[in-house]
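# Sequence below, structure please.
(one chain, ligands or ions: 2)
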Amino acid sequence: MNLLQNIDSPADLRHLRPDQLQTIADEIRQHILETMSRVGGHTGASLGAVELAVALHYAFDTPRDRLVWDVGHQAYAHKILTGRRDLLPTIKQYGGLSAFLRRDESEFDTFGAGHASTSISAALGMAIARDRKGEDHHVVALIGDASLAGGMAMEAINQAGHLKTRLIVLLNDNEMSIAPAVGALTGYLNRIRESQGYHRFKEEVEETLLAIPSVGGRLHHAAKTMKDAIVQGLQQAYLNLFHMIAEFLPRLVVMLAIILSGLLVAYALKYVVRAVLRLTKLDRLSEEAKRLREEARLLPPGALRNELIRRARQAEAGSHMSEWLRFPRLQSPK
Ligand SMILES: Cc1ncc(C[n+]2csc(CCOP(=O)(O)OP(=O)(O)O)c2C)c(N)n1
Ligand SMILES: [Mg+2]
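Numbers count the residues shown, from 1 in each chain. Ligands and ions are numbered 1, 2, ... in the order given. Below is the predicted model:
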């Protein structure tokens, strides 16, 4: 209890560096285990909420910001951090600390609970009062996964969403109630949790690395540094890409416009050339028709003359303007 013995209030806790918080959490856990093994009490739920209590008292300005615990049986770390560290052995005993939260026991106990599912409702009331008084502190409700399924919690969520009051609700989802949690909401929470497969995977990798004797901590640190570097590198690459796009986009648009208009001009030219060629061919065919008619006129009536006249007509038909100026794709099938 090296660090913890100097923590008499959350204000003391907030003087620590973030890297000291895990030590504090470990010392609190040790204190709870040692004490409860002697005097008895709610051990499991409280052991599961040690880091949560440390983080909340560190992040929020308690008691100005209001923390509202649900049931209260998981708040031993909260009691230890809020000036009741040395009284913990008196818990659940006559004249001693309550096993739950009591407003007359500490100004940090904002709501005396014992029943489950009350925290959001109580916190909502506090948030509404805060707004009416023109104050600006935070109100944070902490609720367990089983208590969240209680009717009162549902009513409070419904009302809080309706009023849109500024309120923080934290779900302490330990997949546990008095017995393993069941029900539709538990199923829903499980589905959300499973969809966070990446976080699970990350936790498992971290746990595996940390479990390796002696070098585990360093391996974990190295892996984290490497992951952070990759993430940072990717973020930088994305940023560079966006910068490049922002810089080159106008030029790209101009280039595309030039290419597009070039294509259009080439396409138009193609048809001009084709039309010129056709007109030339038209002239040639009408010359041919004239020549054939001339030759046919010199011949006596008969098969050969008829053949020449037929070819001359063909050439005349071919030289017809409307026929030859029509572009091939627009021609109706014959
Ligand atoms: C109205 C009411 N019903 C039942 C209980 C009994 N009870 C005590 S703790 C608890 C469930 C707590 O589970 P959870 O909210 O997930 O918190 P955890 O213990 O996991 O931290 C229940 C139902 C109660 N305290 N109040
Ligand atoms: Mg639970």
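
# List the beta-bridge partners for whichever residue of the stretch 101-250 of the chain sits closest to ligand 2.
With CB to the ion as the measure, G144 is the residue of the stretch 101-250 of the chain nearest to ligand 2, at 3.8 Å. Quick note: C-beta positions are derived from backbone N, CA and C, even for glycine. G144 has the following beta-bridge partners by DSSP bridges: N172.

# what number of residues lie near it?
27 (other CB atoms under 10 Å).

# ok, it to A257 distance?
62 Å (CB to CB, to the nearest Å).

# And R200, by the same measure?
Distance from R200 to A257, by CB to CB: 51 Å.

# how about the strands in this structure?
Assigned by DSSP state E, the strands in the chain fall at 66-69, 139-144, 168-172.

# closest one to S261 among those strands?
Among the strands of the chain, the nearest to S261 by CB to CB is strand 168-172 (58.3 Å).

# Okay, buried residues for the closest one please.
168-170, 172 (16 or more other CB atoms under 10 Å).

# what do you get for stretch 274-286?
So, applying 16+ other CB under 10 Å, buried residues of stretch 274-286: 278, 282, 285.

# got those as a markdown table, with pLDDT columns?
Output for those, formatted as a markdown table (pLDDT from 0 to 100):
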| residue | pLDDT |
| --- | --- |
| R278 | 74 |
| L282 | 75 |
| L285 | 79 |
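
# Can you tell me which of the residues you listed comes closest to ligand 1?
Looking at these and their distance to ligand 1, the nearest is R278, at 86.7 Å (CB to the nearest ligand atom).

# near ligand 1, which residues of this protein?
Neighbours of ligand 1 within the chain, by CB under 6 Å from any ligand atom: 45, 71, 73-74, 115-117, 144-147, 172, 174, 176-178.

# let's go with 5 Å and repeat that
Taking CB under 5 Å from any ligand atom as the contact definition, the chain meets ligand 1 at 45, 71, 74, 115-116, 144-147, 174, 176-177.

# give me the low-pLDDT residue ranges for the stretch 1-150 of the chain?
By pLDDT under 70, the low-scoring segments of the stretch 1-150 of the chain are 1.

# Please, where are all the helices along it?
10-13, 21-39, 44-47, 50-59, 76-79, 119-133 (DSSP state H, counting those that start in this stretch).

# Would you mind saying which of those lies nearest ligand 2?
helix 44-47 (7.1 Å).

# Go through the closest one and flag the buried ones.
Buried-residue list, helix 44-47, by 16+ other CB under 10 Å: 45-47.

# For ligand 1, what is the nearest residue in the stretch 201-334 of the chain?
E203 (18.8 Å).

# ok, back up a step: compile the strands of the chain into JSON lines and extend it with columns for distance to A223.
Converted to JSON lines, these look like this (distance: least, CB to CB, whole Å):
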{"stretch": "strand 66-69", "distance to A223": "34"}
{"stretch": "strand 139-144", "distance to A223": "31"}
{"stretch": "strand 168-172", "distance to A223": "28"}
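
# hang on, the earlier thing: which among the residues of the chain next to ligand 1 gets closest to ligand 1?
When these are compared against ligand 1 (criterion: CB to the nearest ligand atom), the nearest one is G144, at 2.1 Å.

# Tell me if I'm right that that closest one and S177 touch.
Yes. Taking CB atoms under 8 Å as the definition, G144 is a contact partner of S177 at 7.3 Å.

# Contact residues of the protein facing ligand 2?
When proximity is defined as CB under 5 Å from the ion, the chain approaches ligand 2 at 144-146, 174, 176.
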